[in-house]
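K.L.:
kindly generate the corresponding structure for this input.
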Amino acid sequence: MFNDGTAAVLYGILVAAVMTGTLNVSPVLKVFLSRFLGSSGGLGMGYLVSKITARIDEPQIEITLTTILAYSSYLVAQSLHLSGVIATVMRVS
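P.N.:
Down below sits the predicted model:
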């Protein structure tokens, strides 16, 4: 899954390079690292939900919270112009 997330981030960077007609390594690396590392906020969301579900012994509620976590981590990352795919993968790890 990290390969898919990395490919999605690099694809977005390369599309922007084609649209602008320039590709400089330093800004590309900076954007890549900021999007990749910024998307690791899914870890915090995953930790929080794992603490909540540890106190709940109802499978349907646990499944619902996990589904909400997956989608919300994606939406939060996308709204911050980060990688939703990487944020979702980070929360699972």
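
K.L.:
hmm, who's touching the top helix by length along the chain?
P.N.:
The longest helix of the chain (DSSP state H) is helix 59-79. With contacts defined as Cβ atoms under 8 Å, 6 or more residues apart in numbering, helix 59-79 is touched by 38-39, 41-42, 45-46, 49, 52-53, 56, 83-88, 90-92. In short, each C-beta sits where N, CA and C put it, glycine included.

K.L.:
try it again at 10 Å.
P.N.:
35, 38-46, 48-50, 52-54, 56, 58, 82-92 (Cβ atoms under 10 Å, 6 or more residues apart in numbering).

K.L.:
may I see the ChimeraX selection of the buried members of those?
P.N.:
Of the contacts of helix 59-79, the buried ones can be selected in ChimeraX as follows, counting by 16 or more other Cβ atoms under 10 Å:
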select :35,39,40,41,42,45,46,49,53,82,83,84,85,86,87,88,89,90,91
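
K.L.:
off-centre distance for the strand or helix carrying Y47?
P.N.:
Element membership for Y47, per DSSP states H and E: helix 41-54. With Cα atoms, centre = their mean, to the nearest Å as the basis, helix 41-54 stands 14 Å off its chain's centre.

K.L.:
how big is the angle separating it from helix 59-79?
P.N.:
With axes from the mean of the first three to the mean of the last three Cα atoms, to 10 degrees as the basis, helix 41-54 and helix 59-79 are set at 160 degrees to each other.
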